[in-house]
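Asker: Pasting the sequence and the predicted model now:
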Amino acid sequence: MKAVGGQGNMTAADGTDDLAGLFTESAGQYPDRVAIEQGRMSLTYRELAARADAVASELLRRGVRPGQRVALYAVRHLQTYAAYLGILRAGCVVVPIGPATPAFRAAAIMASASVPLALAVSPPPEWAGHGTPCADLLDLPEPVEPVRPLPGAAGPDRDAYLLFTSGSTGQPKGVPITHRSALAYVRHAVARHRVTADSRLSHTFELTFDPSVFDLFCAWGAGAALVVPEGRELLLPARYVDRHRITHWFSVPSVVSLAQRIGAMPAGSMPGLRHSQFIGEQFTLEQARAWREAAPYSVIDNVYGPTEVTVACAEYRLPEDEREWPEPSNGTVPIGEVYPALEHLVLDEDGHPAEDGELCLRGVQRFGGYLDPADNSGRFLDFTTGAATPFTGRVPAAEHWYRTGDRVRLEHGRLVHLGRLDRQIKLSGYRIELGEIEAALRRHPAVLEAVAVVVDRDGSPCLAAVVTGTEQPEPVIVEHLRTLLPEYMVPTACLWLAALPLGGNGKLDHAGIRRAAAAAVVAGRAAAPAR
């Protein structure tokens, strides 16, 4: 077995060794530059530093100790961002909780994280009953003098933030990320995307979604401005980019499709955009072409990464000449190559190296294990015996490989993301890749977006497709698919929607899509094609 790539020597030793230090260095160099902007309000680096120190002072006054976790009600408000920095400044760990999080889930997160204090701008009434004290950020005074860093308050191997993802048991699953891992990612991203003090970065991601780490700390690590959108600005990316002179864009690909549907991304509408990157979902070539047409002077990167490997760990930049763009088998932009500071393996289902299989990773950006050690079992691989052995211990070591659960294929020297392993199904004895059906659907000129799902029909599983675009008679779509796919891969039902449902983080809501398809099949609104 030979690993691809190397762990390298990338550490957080050069300069600061924690995320807050990145901001502190920029505040010292650019005190009067705008650090954050929201509508007509803005804060300079000096002003944001003062507000962050107020939060840090309050945490210390309340007896919160370095290393403890502090919940943050993650609404888009200038004081929320100051609190994020203040928590780090005090040597504590940020636990962001979204405003749409149900009260019972918020309580579960705070309990499992052993949170002694929550911070919020105008705390919602339901937070009063979760048992954790909550301080209103609008009531904090500014400190008399800056907070002095506490000895050992942070350090590279302490946790910087703790995010919760959906667990297979239905319980939130905590993913702690250290300062060392976060800094390795941020430093790579700043250099890759040429973020400077003159840059103005978009902020499309909620703080509960880890790409927000790019938004905040690539901006603040370079002395740049973070531009927080208001209201419906994210539905109108061209207007947001143009009005706020955005130079760096980062979002999920779904934003492109949504803007296309409502005509909010005309050709040449983002001439000032210089760097664009997309993450979180498969980025189709059609979406990339639409974005290139609207932002003709922007480089376009497709990046990939699970939360457990700190935001992003692989990247591919589309060539400037569209005639040189690759044509992967599934119609998506490749995820390219894994970062130099990481090692990766592609393994088949028997644990052998392959060109098509599960992507496994290790290196400086890999997290040290889930908050609940019981969740680590089966998520890592051990090769110390020479063969792939599922890790069954509680705390993985640096030599263990994280199993992403994502299937990739090496095509023309580039990794292509084929989807989650759990999206490969077996139906009537045939092994079927749902992503292959989706790629075939998107090749029809009337189809903008497509998702293939398995639903129940009279007690038996069947394939269904949910699509957006210019609605066509179902036989037209079926005949199109039959020219590209074997008969057993052609969906028995096709449902047209005005828009695909999205989750709170802007990614596709696959559970909602399955429910819509199942309801349509049961109601007979999506008739089966003739065979």
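Answerer: Perfect, thanks for sending it.
Asker: what bits of the stretch 51-200 of the chain have low per-residue confidence?
Answerer: Residues of the stretch 51-200 of the chain meeting the criterion pLDDT under 70: 128-130, 142-154, 166-171.
Asker: Could you pull out the helices in it for me?
Answerer: 78-89, 103-112, 179-192 (DSSP state H, counting those that start in this stretch).
Asker: will you turn the ones you listed into TSV that also has mean neighbour count?
Answerer: Quick note: C-beta positions are derived from backbone N, CA and C, even for glycine. Listed next are the helices of the stretch 51-200 of the chain as TSV, based on neighbours: other C-beta atoms under 10 Å:
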stretch	mean neighbour count
helix 78-89	26
helix 103-112	18
helix 179-192	22
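Asker: Helix or strand next in line after the helix or strand containing residue 255, which one?
Answerer: For residue 255, the host element (DSSP states H and E) is helix 254-261. Next along the chain after helix 254-261, taking DSSP H and E as the criterion, comes strand 275-278.
Asker: Check which helices and strands that following strand sits against.
Answerer: strand 248-251, strand 299-304 (3 or more C-beta pairs under 8 Å, 6 or more residues apart in numbering; DSSP states H and E).
Asker: which parts of whichever helix or strand comes after that strand are buried?
Answerer: Elements were assigned by DSSP H and E; along the chain past strand 275-278, the next helix or strand is helix 285-294. Buried positions in helix 285-294, judged by neighbour count with 16 or more other C-beta atoms under 10 Å: 285, 286, 287, 288, 290, 291, 292, 294.
Asker: One more: stretch 235-246?
Answerer: Quick answer for stretch 235-246 (16+ other C-beta under 10 Å): 236, 237, 238, 239, 240, 241, 244, 246.
Asker: So which of the helices and strands packed on strand 275-278 is nearest residue 184?
Answerer: Distance to residue 184, taken as C-beta to C-beta, is lowest for strand 299-304 among these, at 14.7 Å.
Asker: From the chain's centroid, how far away is that closest one?
Answerer: 13 Å (C-alpha atoms, centre = their mean, to the nearest Å).
Asker: Give me the residues contacting stretch 260-277.
Answerer: Residues outside stretch 260-277 that contact it (C-beta atoms under 8 Å, 6 or more residues apart in numbering): 193-194, 235-239, 241-242, 245-250, 256, 259, 290-291, 293-303, 315, 448, 468, 498-499.
Asker: run the last query once more with 6 Å
Answerer: Contact partners of stretch 260-277, identified using C-beta atoms under 6 Å, 6 or more residues apart in numbering, comprise 193, 236, 238, 241, 245, 247-250, 259, 290, 293-295, 298-301, 303.
Asker: what helix or strand does residue 467 sit in?
Answerer: Counting by DSSP H and E, residue 467 is part of strand 460-469.
Asker: relative orientation of that strand and helix 254-261 in degrees?
Answerer: Here strand 460-469 points in a direction 60 degrees away from that of helix 254-261 (axes from the mean of the first three to the mean of the last three C-alpha atoms, to 10 degrees).
Asker: following strand 460-469, which helix or strand shows up next?
Answerer: helix 474-482.
Asker: That next one to strand 460-469, inter-axis angle?
Answerer: Per the same axes, to 10 degrees, the angle that helix 474-482 makes with strand 460-469 is 100 degrees.
Asker: next structured bit after helix 474-482?
Answerer: Per DSSP H and E, the first helix or strand lying C-terminal to helix 474-482 is strand 493-496.
Asker: That next one pairs with which strands?
Answerer: Strand pairing for strand 493-496, using DSSP bridges, gives strand 460-469 (parallel).
Asker: rewinding a little: format the helices and strands packed on strand 275-278 as CSV; extra columns: mean pLDDT.
Answerer: Below are these laid out as CSV (pLDDT from 0 to 100):
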stretch, mean pLDDT
strand 248-251, 97
strand 299-304, 98
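Asker: In the stretch 301-450 of the chain, mark out all the helices, start to finish.
Answerer: Under DSSP H, counting those that start in this stretch, the stretch 301-450 of the chain gives helices at 434-442.
Asker: Let me see the domain layout of the protein.
Answerer: Using automatic domain parsing, the domain parsing of the chain gives 11-178, 341-420, 428-523.
Asker: Residue 228 is nearest to which of these?
Answerer: So among these, domain 11-178 is nearest, using C-beta to C-beta, at 4.0 Å.
Asker: mind checking how far the closest one is from the chain centre?
Answerer: For domain 11-178, the distance to the chain centre is 19 Å (C-alpha atoms, centre = their mean).
Asker: that older thread, now, which of the buried residues of stretch 235-246 lie within strands?
Answerer: The members of the buried residues of stretch 235-246 all map outside strands under DSSP state E.
Asker: I'd like those as a markdown table, with distance to residue 71 and pLDDT appended.
Answerer: Shown next, in a markdown table, are the buried residues of stretch 235-246 (distance: C-beta to C-beta, whole Å; pLDDT from 0 to 100):
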| residue | distance to residue 71 | pLDDT |
| --- | --- | --- |
| 236 | 32 | 91 |
| 237 | 31 | 94 |
| 238 | 36 | 95 |
| 239 | 34 | 94 |
| 240 | 29 | 96 |
| 241 | 32 | 97 |
| 244 | 30 | 97 |
| 246 | 30 | 98 |
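Asker: which one of these sits closest to residue 214?
Answerer: Nearest to residue 214 among these is residue 246, at 13.8 Å by C-beta to C-beta.
Asker: Might one say that that closest one is in contact with residue 202?
Answerer: Yes - under the criterion of C-beta atoms under 6 Å, residue 246 makes contact with residue 202 at 5.2 Å.
Asker: sorry, back to before: distance to residue 432 added to the helices of the stretch 51-200 of the chain, as a markdown table?
Answerer: Output for the helices of the stretch 51-200 of the chain, formatted as a markdown table (distance: least, C-beta to C-beta, whole Å):
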| stretch | distance to residue 432 |
| --- | --- |
| helix 78-89 | 43 |
| helix 103-112 | 33 |
| helix 179-192 | 35 |
